[in-house]
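> here's my sequence, what's the structure:
(one chain, ligands or ions: 1)
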Amino acid sequence: MGYGEIVGSVRAAFDRGDTRPAAWRRRQLEAMLTMLDEGSDELTGAIVEDLGRSAIEAFYADVGHARLAIRYLLKHFERWSRPRRVSPGMLARPGVAELLAEPLGVALVIAPWNYPVQLLVEPMAAAIAAGNAVVAKPSELSPRTGEVLSRLIRRHLDPAAVAVVEGGVPETTALLEERFDHVFFTGSTAVGRVVMAAAARHLTPVTLELGGKSPAIVAADADLAVAARRIAMGKFLNAGQTCIAPDYVLVERAAKDEFLDRLSAVVGGFYGPDPSRSPDFARIVNERHHDRLVGLLKDCGGQVVVGGDFDRESRYLAPTVVSDPTESSSIMSEEIFGPLLPVVGVDSIDEAVLKVNAGPKPLALYVFTESPATADGVLERTSSGGACVNHTVMHVLPDALPFGGVGDSGIGAYHGKAGFDTFTHYRSVLRKPTRPDPPLLYPPMSRMKERLVRLAFR
Ligand code: NAD
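Numbers count the residues shown, from 1 in each chain. So this is what the prediction gives:
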């Protein structure tokens, strides 16, 4: 089947009304849970193969995370789908004003490779909960997971309304020629621009979940032991290949040496003297990214405090901490997306804020301090998709917190109700009784009508 036929076929299911009933949505979401339960071992095994992650990390950060997200949607989607009455206001009385949650139609979901299950399944679940048909495109760079996921989706979900398309750039480019009612893309900022331009040809709305350089700011008064542990955890999870990983650290100079000492101790504690032998440390997705990261490290001009060793054949790159890289180096301007952590000393929190604001708005921002006023000051004077005070990456967990970027780090959001809203059009409907039928706005106008209109619209 060509892409036109695939999209046409799921669109026909949507147009027939197959996907609208709550019972269909519930069945699909429950089938997704069954798919994740029955396929759990196969999916985590595939992630381990693709990314060298530990099985437990593959479980909780992909399969488990997606399970919880679907359970939350199952619990709430019917309530969110109900018409919501609002005040009609004085001028539209008598009447009933309401918002009807209607699905958009056919949603295209394009996923990256780094959390290949979570980042495909969760937007799909949100689209289905809102009553849409879906075309899903897993990443070609996590091929084993993509293959297992595609097979499981075809087996468990309604094939009339949910399709999977496998492939890389040429296939996705061709797919984007088709008309969708929403495109939900997770990936790099550069490709986000390409996707948005393609969607613009059909005037299709997009959600872009992109990347960027997420800073961690460490104040001199921070609990440095906790800061080191939590920054290392967020950074070295999945070998730094996490969109909301702290990209670099800005630490007040008074605390820098102690912070670096603590960070070295934490990395040793997490991964042992030789992290290449740790079952908890992942590999780089492919040689191209490995070469890119080694290039960033070689040209950064800073002092390697921890790690620095690598092996291209096994795509291993040690958890690495670099102190004060050159400001103009690529490691300080490009999204790193790997286990390299630059730590830069700053004179003050003000200087850290200036540095953050000199770049594009990041996907996440982390601030470590014992002072609520310092934390609030940083949050007030910066902008980012999301943020944590005294932790990293954990803001992804509460279902009630929308997840998304701002500026260069993305457009729109999902998770929980935000995901349902992303795939919903809230249609404004005013229901009027046929009686009374006041002639106030019907021509011909008279002086009396004009006087009343002027009064009413004041
Ligand atoms: P990517 O942009 O290279 O690829 C993402 C998807 O787009 C893949 O499915 C790929 O096949 C497709 N694609 C690639 N080039 C394309 C093109 N020219 N036209 C059409 N489609 C194309 O991203 P990636 O390398 O898979 O993932 C890493 C990036 O994703 C990082 O920048 C990271 O920060 C970001 N990311 C963001 C989030 C988030 O939630 N905001 C989550 C994970 C990753």
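> for the residue of the stretch 1-150 of the chain found nearest the ligand, helix, strand, or coil?
For the stretch 1-150 of the chain, the residue positioned closest to the ligand under CB to the nearest ligand atom is Pro112, at a distance of 3.0 Å. Placement of C-beta: from N, CA and C, glycine included. When classified by DSSP: H, G, I helix; E, B strand; the rest coil, Pro112 comes out as coil.
> per-residue confidence at it?
According to the prediction, Pro112 has pLDDT 98.
> residue ranges with poor pLDDT in the stretch 1-150 of the chain?
Of all residues in the stretch 1-150 of the chain, none has pLDDT under 70.
> coming back round to it: the residue of the stretch 1-150 of the chain closest to the ligand: how many residues sit nearby?
By the criterion of other CB atoms under 10 Å, Pro112 has 22 neighbours.
> who's in contact with it?
For Pro112, the contacting residues are 119, 139, 141, 186-188, by CB atoms under 8 Å, 6 or more residues apart in numbering.
> would you list the phi and psi of the residue of the stretch 201-350 of the chain found nearest the ligand?
For the stretch 201-350 of the chain, the residue closest to the ligand is Gly211, as judged by CB to the nearest ligand atom, at 2.2 Å. In terms of degrees, to the nearest 10, the main-chain angles of Gly211 are phi -120, psi -150.
> please tell me the pLDDT value assigned to it.
The per-residue confidence score, pLDDT, reads 93 for Gly211.
> list the contacts for it?
187-189, 243, 335, 337, 363, 409.
> and if you look at Ser188?
By CB under 8 Å, 6+ apart, Ser188 lies in contact with 112, 210-211, 335.
> circling back: which one of the contacts of Gly211 is nearest Ile349?
Leu363 (21.0 Å; CB to CB).
> under a three-state scheme, what state does Val251 occupy?
Following three-state DSSP, we place Val251 in the strand state.
> residues in contact with Leu237?
57, 61, 245, 393.
> and the second one, backbone torsions?
The main-chain torsion angles of Ala61 are listed as degrees, to the nearest 10 and equal phi -90, psi -10.
> host element of the nearest residue to it once chain neighbours are set aside?
Nearest residue to Ala61 in three dimensions, chain neighbours excluded: Tyr115, at 6.0 Å (CB to CB, 6 or more residues apart in numbering). Here Tyr115, judged by DSSP states H and E, is contained in no helix and no strand.
> quick one, phi/psi of Tyr115?
According to degrees, to the nearest 10, the main-chain angles of Tyr115 amount to phi -130, psi 80.
> neighbours around the spatially closest residue to Leu91 that is not a sequence neighbour, how many?
Residue nearest to Leu91 in three dimensions, not counting chain neighbours: Ala456, with 6.3 Å by CB to CB, 6+ apart. Around Ala456 there are 11 other residues, counting by other CB under 10 Å.
> can you give me the strands for the stretch 101-250 of the chain?
Counting by DSSP state E, counting those that start in this stretch, the stretch 101-250 of the chain has strands at residues 106-110, 133-137, 162-164, 182-186, 206-209, 215-218, 248-252.
> could you dump those to JSON lines with distance to the ligand and mean neighbour count?
Shown next, in JSON lines, are those (distance: least, CB to the nearest ligand atom, whole Å; neighbours: other CB atoms under 10 Å):
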{"stretch": "strand 106-110", "distance to the ligand": "5", "mean neighbour count": "27"}
{"stretch": "strand 133-137", "distance to the ligand": "6", "mean neighbour count": "26"}
{"stretch": "strand 162-164", "distance to the ligand": "12", "mean neighbour count": "24"}
{"stretch": "strand 182-186", "distance to the ligand": "5", "mean neighbour count": "26"}
{"stretch": "strand 206-209", "distance to the ligand": "3", "mean neighbour count": "23"}
{"stretch": "strand 215-218", "distance to the ligand": "14", "mean neighbour count": "26"}
{"stretch": "strand 248-252", "distance to the ligand": "14", "mean neighbour count": "24"}
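> now those in TSV, with distance to Ala239?
Output for those, formatted as TSV (distance: least, CB to CB, whole Å):
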stretch	distance to Ala239
strand 106-110	23
strand 133-137	24
strand 162-164	27
strand 182-186	19
strand 206-209	20
strand 215-218	17
strand 248-252	16
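> so the closest residue to Ala22 other than its chain neighbours is in which element?
Sequence neighbours aside, Glu78 is the residue nearest to Ala22 in space, at 5.3 Å (criterion: CB to CB, 6+ apart). With elements delineated by DSSP H and E, Glu78 resides in helix 65-81, which encompasses its position.
> what's across from the residue nearest to the spatial centre of the chain in the sheet?
Averaging the C-alpha coordinates of the chain gives a centre point, and the residue nearest to it by CA atoms, centre = their mean is Glu209 (4.7 Å). When assigned by DSSP bridges, Glu209 has beta-bridge partners Thr186, Gly410.
> Phe403 is in contact with Gly412, correct?
No - with contact defined as CB atoms under 8 Å, Gly412 does not reach Phe403; the gap is 10.0 Å.
> higher neighbour count, these two?
Taking neighbours as other CB under 10 Å, Gly412 and Phe403 compare with Phe403 leading, 24 against 19.
> what pLDDT does the model give the more buried one?
pLDDT at Phe403 comes out at 98.
> where's the residue nearest to Leu91 relative to Phe420, distance?
Using CB to CB, to the nearest Å, one gets 37 Å for the distance from Ala456 to Phe420.
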